[in-house]
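Q: Mind folding the following:
(one chain, ligands or ions: 2)
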Amino acid sequence: MEKKSPLPLNNAIANKKKEQLCSKESLVKILRWHFRYPDFRGMQLEAIQAVLSGRDCFCLMPTGGGKSMCYQIPALAKTGIVLVVCPLIALMENQVMALKEKGIAAEFLSSTKTADAKNKIHEDLDSGKPSIRLLYVTPELIATPGFMSKLKKIYSRGLLSLIAIDEAHCISSWGHDFRPSYRKLSTLRSHLPDVPILALTATAVPNIFEAGMLFYILPFFRVQKDVVDSLQMQNALMLKTSFNRPNIYYEVRYKDLLEDAYADLSDTLKSMGDVCVIIYCLERSMCDDLSAHLSQSGISCAAYHAGLNNKMRTSVLDDWISSKTKVVVATVAFGYVFPFNFCIFLQFMLALLVVDIYCILYLKML
Ligand SMILES: Nc1ncnc2c1ncn2[C@@H]1O[C@H](COP(=O)(O)OP(=O)(O)OP(=O)(O)O)[C@@H](O)[C@H]1O
Ligand SMILES: [Mg+2]
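A: Ligands and ions are numbered 1, 2, ... in the order given. Have a look, this model is predicted:
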């Protein structure tokens, strides 16, 4: 049984009182009523207000930051159905179960459902007044013509209030979980214009640091751009929660402002004292070139990339781990496991592809 909401959900009233609907007070009431949380976290409220007012929104929040709330609250605040695109069936099952336990009418459609269960959901969707508030589906289902025509019918009846794309980084081949089927979500906008789109992801700095990935600036902007472009999002509100972490310090240096970037880098390395350093480059030739430059300026340094044979690579790695070599200039072939207390990542040549910068990242393992 769905709990009675403290707010009026009648369409006419909701339209009339759109402003009131989007007010913090009303939304907090819904949050407290259904979820028993005292207040919104991070940028949840901004995201919710944006989509309720009909605006597209791109929302970057850390893992566990509460992204789901950004579409669950709109589903409860407004009449109609919120469509949630989710990459994993297990994720859908968990969320739907948790929502049902709270008395919220949520369902998911997937291959794991029996024909009977699917029919019941479709019957509800076809009914004059569907009870379902949140419908979770896979991107693969969206790509089927049958389901798209169902969505169009719901839309034409004015019952589709929001499309939420969870784990939206799956759209981008620059993301760490690229799913080709997410690309097909680009048809949503043309088939269902006017329905606000909410794209949610945690992909960016934190996961990349945690996974030890390196070229974070480039993928971050690419993922964001890919998501917005691919979903044809219009004038989207871009929300990004700060990922500030006290154990990470970074500094961006503009090569234009440096007389000699190589000299600057070697001076920086020398001033750092006894620390382990990895300098990531995009290409093997850059690794060799930079390693030669640094060695010439008296820094104990070695290149590491897939162009070296196994024996050579093992020897570079051993020397670095045992501190015989202070600096490794590597491509991603080096991997990302750091058994040290203090590491520095330098992304030297990344700059050449983006703007003329290089970036110093200090990661202190706490
Ligand atoms: N305003 C809030 N106050 C307290 N807890 C909240 C709030 N919003 C969400 N939560 C809780 O935070 C937890 C994480 O939420 P959620 O799963 O939506 O995070 P997420 O950002 O989607 O994370 P992930 O990137 O792992 O998918 C959940 O238990 C959720 O109920
Ligand atoms: Mg989530």
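Q: mind listing what's buried in stretch 85-101?
A: Neighbour-count burial for stretch 85-101, counted by 16 or more other C-beta atoms under 10 Å, picks out 85-87, 91-93, 95-96, 99. Every C-beta, even on glycine, is put in place using the N, C-alpha and C of the backbone.
Q: Actually, stretch 312-324.
A: 313, 315-317, 320.
Q: if you average pLDDT over that stretch, what comes out?
A: Regarding stretch 312-324, the rounded mean pLDDT is 83.
Q: Please apply the same query to stretch 129-148.
A: Mean predicted confidence for stretch 129-148 is 94.
Q: what comes up buried for it?
A: For stretch 129-148, by 16+ other C-beta under 10 Å, it's 130, 132-143, 147-148.
Q: before we move on, the earlier item: overlap between the buried residues of stretch 312-324 and the residues near ligand 1?
A: Restricting the buried residues of stretch 312-324 to those touching ligand 1 (C-beta under 6 Å from any ligand atom) yields no residues.
Q: what's the most distant pair in the buried residues of stretch 85-101?
A: P87 and L99 (18.2 Å; C-beta to C-beta).
Q: out of everything not next to it in sequence, what's closest to I48?
A: Counting by C-beta to C-beta, 6 or more residues apart in numbering, I48 lies nearest to I73, which is 4.9 Å off, once chain neighbours are set aside.
Q: Among the buried residues of stretch 129-148, which pair sits farthest apart?
A: R133 and A143 (23.8 Å).
Q: Helix or strand next in line after the helix or strand in which S149 is found, which one?
A: Using DSSP states H and E, S149 sits within helix 145-156. Past helix 145-156, further along toward the C-terminus, the next helix or strand under DSSP H and E is strand 160-165.
Q: outside of that following strand, which residues touch it?
A: With C-beta atoms under 8 Å, 6 or more residues apart in numbering as the test, strand 160-165 has contacts from 51, 70-71, 74-75, 78-85, 151, 154, 171, 182, 185, 188, 192, 195-200, 227, 231.
Q: tilt between that strand and helix 145-156?
A: Strand 160-165 runs at 130 degrees relative to helix 145-156, counting by axes from the mean of the first three to the mean of the last three C-alpha atoms, to 10 degrees.
Q: Strand 160-165 vs ligand 1: in contact?
A: No: Strand 160-165 lies out of reach of ligand 1 by C-beta under 6 Å from any ligand atom, never closer than 10.7 Å.
Q: Pull that strand out as CSV, backbone CA atoms only.
A: Extracted in CSV, the C-alpha atoms of strand 160-165 (Å, rounded to 0.1, in the frame of the first residue of the first chain):
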residue,chain,number,x,y,z
LEU,A,160,5.9,10.9,-17.7
SER,A,161,7.2,13.4,-15.3
LEU,A,162,11.0,12.7,-15.3
ILE,A,163,13.6,10.6,-16.9
ALA,A,164,16.5,9.8,-14.6
ILE,A,165,19.6,8.3,-16.0
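Q: Paired strands for it, with orientation please.
A: Applying DSSP bridges, strand 160-165 is found paired with strand 81-85 (parallel), strand 197-201 (parallel).
Q: Relative to the whole chain's centre, how far out is that strand?
A: 17 Å (C-alpha atoms, centre = their mean, to the nearest Å).
Q: Show me which positions of the next helix-or-strand element following that strand end up buried.
A: Sequence order places helix 180-183 as the next helix or strand after strand 160-165, per DSSP H and E. Applying a neighbour-count criterion of 16+ other C-beta under 10 Å, one finds 181-183 buried in helix 180-183.
Q: Among these, which one lies nearest to R41?
A: Nearest to R41 out of the buried residues of helix 180-183 is Y182 (C-beta to C-beta; 26.3 Å).
Q: State the mean pLDDT of stretch 80-92.
A: Average pLDDT, stretch 80-92: 92.
Q: List the contacts of it.
A: 71-72, 74-75, 95, 108, 110-112, 125, 130, 132-139, 142, 151, 154, 158-167, 170, 177, 179, 182, 185.
Q: thinking again about what came up before, in contact with the residue nearest to I48, which residues?
A: Applying C-beta under 8 Å, 6+ apart to I73 gives the contacts 27, 30-31, 44, 48.
Q: host element of it?
A: In this structure, I73 sits in helix 69-77 according to DSSP H and E.
Q: Among the buried residues of stretch 312-324, which lie within strands?
A: Among those, the subset assigned to strands under DSSP state E is empty.
Q: Can you give me the separation between S110 and L294?
A: According to C-beta to C-beta, to the nearest Å, S110 and L294 sit 53 Å apart.
Q: could you check the distance from L162 over to ligand 1?
A: 15 Å (C-beta to the nearest ligand atom, to the nearest Å).
Q: For that residue, which non-adjacent residue is closest in space?
A: Excluding the flanking residues, the one nearest L162 by C-beta to C-beta, 6+ apart is V82, at 4.5 Å.
Q: Is that neighbour bridged to anything, and to what?
A: Beta-bridge partners, per DSSP bridges, of V82: L134, L162.
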